[in-house]
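[1] Based on what follows, work out the 3D shape:
(one chain, ligands or ions: 1)
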Amino acid sequence: MNLRGTRLQGPVMIEPRIFRDERGYFLETWNQSRSGDPGIPSDFVQDNLSRSAKGVLRGLHYQHPAAQGKLVMVLQGEVYDVAVDIRVGSPTFGQWMGLTLSSADHRQLYIPPGFAHGFVVTSEFAVFMYKCTNFYRPEFEGSVAWDDPDLAIEWPVSSPILAAKDRDAPRLRAIPPDRLPAWPEI
Ligand SMILES: Cc1cn([C@H]2C[C@H](O)[C@@H](COP(=O)(O)OP(=O)(O)O[C@H]3O[C@@H](C)C(=O)[C@@H](O)[C@H]3O)O2)c(=O)[nH]c1=O
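    Predicted structure coming up:
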(Lines give C-alpha, C1' and ligand atoms only; values in the text may rest on other atoms or scores of the structure.)
Protein backbone atom coordinates (compact mmCIF):
# COMPACT_ATOMS: atom_id res chain seq x y z
CA MET A 1 0.00 0.00 0.00
CA ASN A 2 1.27 3.47 -0.90
CA LEU A 3 0.23 6.74 0.69
CA ARG A 4 0.62 9.96 -1.26
CA GLY A 5 0.01 13.53 -0.22
CA THR A 6 -2.10 15.74 -2.45
CA ARG A 7 -1.69 19.40 -3.35
CA LEU A 8 -3.59 20.31 -0.17
CA GLN A 9 -2.29 19.52 3.27
CA GLY A 10 -4.66 16.97 4.83
CA PRO A 11 -6.14 14.80 2.09
CA VAL A 12 -4.16 11.59 1.49
CA MET A 13 -4.35 9.35 -1.56
CA ILE A 14 -4.06 5.64 -0.83
CA GLU A 15 -3.03 2.98 -3.33
CA PRO A 16 -3.91 -0.38 -1.80
CA ARG A 17 -1.88 -3.46 -2.65
CA ILE A 18 -3.84 -5.55 -5.13
CA PHE A 19 -3.31 -9.32 -5.27
CA ARG A 20 -4.28 -10.67 -8.68
CA ASP A 21 -4.47 -14.34 -9.65
CA GLU A 22 -6.45 -16.61 -11.96
CA ARG A 23 -9.58 -16.18 -9.81
CA GLY A 24 -9.61 -12.40 -9.98
CA TYR A 25 -8.22 -10.01 -7.42
CA PHE A 26 -8.11 -9.27 -3.69
CA LEU A 27 -7.37 -6.15 -1.68
CA GLU A 28 -7.86 -4.80 1.80
CA THR A 29 -10.17 -1.78 1.60
CA TRP A 30 -9.46 -0.88 5.24
CA ASN A 31 -7.31 -2.27 8.01
CA GLN A 32 -7.33 -0.77 11.49
CA SER A 33 -3.54 -0.88 11.71
CA ARG A 34 -3.57 1.86 9.06
CA SER A 35 -4.40 4.23 11.90
CA GLY A 36 -0.64 4.26 12.51
CA ASP A 37 -0.17 5.78 9.05
CA PRO A 38 0.32 9.52 8.95
CA GLY A 39 -2.93 11.39 8.60
CA ILE A 40 -5.27 8.39 8.67
CA PRO A 41 -7.49 7.97 11.75
CA SER A 42 -8.95 4.70 13.00
CA ASP A 43 -12.17 5.94 14.52
CA PHE A 44 -14.57 5.33 11.66
CA VAL A 45 -18.14 4.95 12.92
CA GLN A 46 -20.30 4.75 9.80
CA ASP A 47 -20.03 3.24 6.29
CA ASN A 48 -22.07 4.60 3.37
CA LEU A 49 -22.77 3.32 -0.14
CA SER A 50 -24.36 5.13 -3.08
CA ARG A 51 -24.98 4.31 -6.73
CA SER A 52 -25.22 7.07 -9.29
CA ALA A 53 -25.71 7.32 -13.03
CA LYS A 54 -23.25 8.95 -15.42
CA GLY A 55 -23.19 12.73 -15.02
CA VAL A 56 -24.55 12.73 -11.46
CA LEU A 57 -22.69 15.15 -9.18
CA ARG A 58 -23.14 14.77 -5.41
CA GLY A 59 -21.75 17.67 -3.39
CA LEU A 60 -20.11 19.72 -2.24
CA HIS A 61 -21.12 18.52 1.24
CA TYR A 62 -19.85 19.09 4.76
CA GLN A 63 -21.05 18.84 8.36
CA HIS A 64 -20.49 21.52 10.96
CA PRO A 65 -20.28 20.95 13.87
CA ALA A 66 -19.64 17.18 14.06
CA ALA A 67 -17.41 17.31 10.95
CA GLN A 68 -16.73 13.99 9.26
CA GLY A 69 -13.43 12.63 7.99
CA LYS A 70 -14.14 10.35 5.01
CA LEU A 71 -12.24 7.46 3.46
CA VAL A 72 -13.74 7.27 -0.04
CA MET A 73 -13.47 4.62 -2.75
CA VAL A 74 -15.23 3.42 -5.90
CA LEU A 75 -16.49 -0.19 -6.01
CA GLN A 76 -17.74 -0.01 -9.60
CA GLY A 77 -17.12 2.57 -12.29
CA GLU A 78 -15.22 5.85 -12.18
CA VAL A 79 -15.69 9.25 -10.56
CA TYR A 80 -13.83 12.52 -10.33
CA ASP A 81 -13.58 13.22 -6.61
CA VAL A 82 -13.06 16.68 -5.11
CA ALA A 83 -12.17 18.01 -1.65
CA VAL A 84 -12.29 21.73 -0.78
CA ASP A 85 -10.63 23.24 2.28
CA ILE A 86 -13.41 25.17 4.07
CA ARG A 87 -11.59 25.59 7.42
CA VAL A 88 -11.82 29.27 8.25
CA GLY A 89 -8.29 30.56 8.90
CA SER A 90 -6.55 27.77 7.01
CA PRO A 91 -3.72 28.92 4.72
CA THR A 92 -5.43 26.93 1.94
CA PHE A 93 -9.02 28.04 2.69
CA GLY A 94 -11.09 27.90 -0.52
CA GLN A 95 -8.57 25.72 -2.39
CA TRP A 96 -9.55 22.41 -3.91
CA MET A 97 -7.94 19.18 -5.04
CA GLY A 98 -9.41 16.54 -7.30
CA LEU A 99 -8.51 13.12 -8.60
CA THR A 100 -10.02 10.22 -10.50
CA LEU A 101 -11.01 7.21 -8.42
CA SER A 102 -12.12 4.02 -10.14
CA SER A 103 -12.74 0.32 -9.71
CA ALA A 104 -9.91 -0.22 -12.19
CA ASP A 105 -7.19 1.29 -9.98
CA HIS A 106 -8.90 0.95 -6.53
CA ARG A 107 -7.32 4.19 -5.35
CA GLN A 108 -8.82 5.68 -2.21
CA LEU A 109 -8.82 9.19 -0.81
CA TYR A 110 -8.88 10.13 2.87
CA ILE A 111 -10.49 13.55 3.34
CA PRO A 112 -10.05 14.98 6.85
CA PRO A 113 -12.79 16.79 8.79
CA GLY A 114 -13.12 20.42 7.71
CA PHE A 115 -13.24 19.78 3.97
CA ALA A 116 -16.28 19.90 1.70
CA HIS A 117 -16.53 16.84 -0.51
CA GLY A 118 -18.17 15.96 -3.81
CA PHE A 119 -17.82 13.75 -6.83
CA VAL A 120 -19.13 13.42 -10.37
CA VAL A 121 -19.66 10.11 -12.16
CA THR A 122 -17.69 9.73 -15.39
CA SER A 123 -18.58 6.10 -16.19
CA GLU A 124 -22.01 4.62 -17.12
CA PHE A 125 -22.72 4.41 -13.38
CA ALA A 126 -20.66 4.30 -10.21
CA VAL A 127 -20.99 2.52 -6.88
CA PHE A 128 -19.28 4.71 -4.30
CA MET A 129 -18.40 3.73 -0.76
CA TYR A 130 -17.00 5.72 2.15
CA LYS A 131 -16.19 5.35 5.81
CA CYS A 132 -16.92 8.30 8.12
CA THR A 133 -15.31 9.36 11.41
CA ASN A 134 -18.54 10.94 12.67
CA PHE A 135 -22.21 10.05 12.47
CA TYR A 136 -24.54 11.65 9.93
CA ARG A 137 -26.26 14.63 11.52
CA PRO A 138 -28.72 16.08 8.99
CA GLU A 139 -29.26 19.19 11.11
CA PHE A 140 -25.55 20.08 10.71
CA GLU A 141 -25.34 19.32 6.99
CA GLY A 142 -24.26 21.99 4.56
CA SER A 143 -23.62 22.30 0.82
CA VAL A 144 -21.35 24.62 -1.13
CA ALA A 145 -22.15 25.31 -4.79
CA TRP A 146 -20.28 22.85 -7.01
CA ASP A 147 -19.78 25.62 -9.56
CA ASP A 148 -18.78 28.39 -7.13
CA PRO A 149 -16.66 30.68 -9.36
CA ASP A 150 -14.35 31.50 -6.46
CA LEU A 151 -13.45 27.81 -6.17
CA ALA A 152 -13.15 27.35 -9.96
CA ILE A 153 -13.15 23.57 -9.73
CA GLU A 154 -12.24 21.92 -13.02
CA TRP A 155 -15.01 19.33 -13.16
CA PRO A 156 -14.84 16.97 -16.15
CA VAL A 157 -18.63 17.39 -16.71
CA SER A 158 -20.22 20.76 -17.52
CA SER A 159 -23.97 20.11 -16.95
CA PRO A 160 -24.21 17.56 -14.15
CA ILE A 161 -27.36 15.96 -12.74
CA LEU A 162 -27.91 17.46 -9.27
CA ALA A 163 -30.19 17.06 -6.27
CA ALA A 164 -32.34 20.14 -5.55
CA LYS A 165 -30.33 20.90 -2.39
CA ASP A 166 -27.11 20.93 -4.39
CA ARG A 167 -28.60 23.03 -7.20
CA ASP A 168 -29.55 25.70 -4.65
CA ALA A 169 -26.33 25.55 -2.61
CA PRO A 170 -24.68 28.89 -1.71
CA ARG A 171 -21.23 30.04 -2.72
CA LEU A 172 -18.57 29.59 -0.06
CA ARG A 173 -18.24 33.39 0.41
CA ALA A 174 -22.00 33.57 1.22
CA ILE A 175 -21.72 31.20 4.18
CA PRO A 176 -21.14 33.01 7.50
CA PRO A 177 -17.73 31.99 8.95
CA ASP A 178 -19.32 30.85 12.22
CA ARG A 179 -21.22 28.23 10.19
CA LEU A 180 -17.98 26.73 8.89
CA PRO A 181 -15.27 24.71 10.65
CA ALA A 182 -12.38 26.71 12.12
CA TRP A 183 -8.71 25.97 11.53
CA PRO A 184 -6.75 24.65 13.38
CA GLU A 185 -9.29 23.66 16.05
CA ILE A 186 -11.02 21.06 13.92
C1 LIG B 1 -25.39 11.10 3.91
C2 LIG B 1 -26.54 10.32 4.52
C3 LIG B 1 -27.81 10.39 3.96
N4 LIG B 1 -28.83 9.71 4.52
C5 LIG B 1 -30.16 9.80 3.89
C6 LIG B 1 -30.72 11.20 3.83
C7 LIG B 1 -31.42 11.29 2.51
O8 LIG B 1 -32.80 10.97 2.67
C9 LIG B 1 -30.77 10.20 1.65
C10 LIG B 1 -29.87 10.78 0.58
O11 LIG B 1 -28.97 11.70 1.23
P12 LIG B 1 -28.12 12.74 0.42
O13 LIG B 1 -28.94 13.33 -0.66
O14 LIG B 1 -27.54 13.69 1.43
O15 LIG B 1 -26.98 11.84 -0.20
P16 LIG B 1 -25.65 12.30 -0.92
O17 LIG B 1 -25.94 13.44 -1.81
O18 LIG B 1 -25.04 11.09 -1.53
O19 LIG B 1 -24.75 12.82 0.28
C20 LIG B 1 -23.41 12.44 0.41
O21 LIG B 1 -22.66 13.15 -0.60
C22 LIG B 1 -21.27 12.93 -0.56
C23 LIG B 1 -20.64 13.82 -1.61
C24 LIG B 1 -20.68 13.09 0.79
O25 LIG B 1 -19.55 13.54 0.97
C26 LIG B 1 -21.45 12.52 1.92
O27 LIG B 1 -20.96 12.95 3.17
C28 LIG B 1 -22.91 12.81 1.81
O29 LIG B 1 -23.15 14.20 2.06
O30 LIG B 1 -30.02 9.38 2.53
C31 LIG B 1 -28.65 8.93 5.63
O32 LIG B 1 -29.62 8.29 6.13
N33 LIG B 1 -27.42 8.83 6.18
C34 LIG B 1 -26.36 9.51 5.67
O35 LIG B 1 -25.21 9.38 6.21
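
[2] before we move on, which element is the spatially most central residue of the chain in?
    Note on the chain: the residue nearest the mean C-alpha position is H117, at 4.2 Å, using C-alpha atoms, centre = their mean. Assigning secondary structure by DSSP states H and E places H117 in strand 115-121.

[3] rewinding a little: quick check: the gap between the residue nearest to the centre of the chain and R23.
    For H117, the distance to R23 under the criterion C-beta to C-beta, to the nearest Å works out to 34 Å. Glycine gets a C-beta too; all of them are placed from N, C-alpha and C.

[4] cool, V12 as well?
    Taking C-beta to C-beta as the measure, V12 falls 30 Å from R23.

[5] Which one's more surrounded, these two?
    A side-by-side neighbour count of V12 and R23, using other C-beta atoms under 10 Å, places V12 first with 19 against 6.

[6] Please name the bridge partners of that one.
    Partner residues in beta bridges with V12: G5, Y110, with DSSP bridges as the criterion.

[7] what about V82, neighbour count?
    Applying the criterion other C-beta under 10 Å, we find 26 residues in the vicinity of V82.

[8] Unless I'm misreading it, it sits right up against G59, doesn't it?
    Yes: counting by C-beta atoms under 8 Å, V82 touches G59, with 6.9 Å between them.

[9] quick check, D105 in a helix?
    No: remark: D105 does not belong to a helix; assigned using DSSP: H, G, I helix; E, B strand; the rest coil, it is coil.
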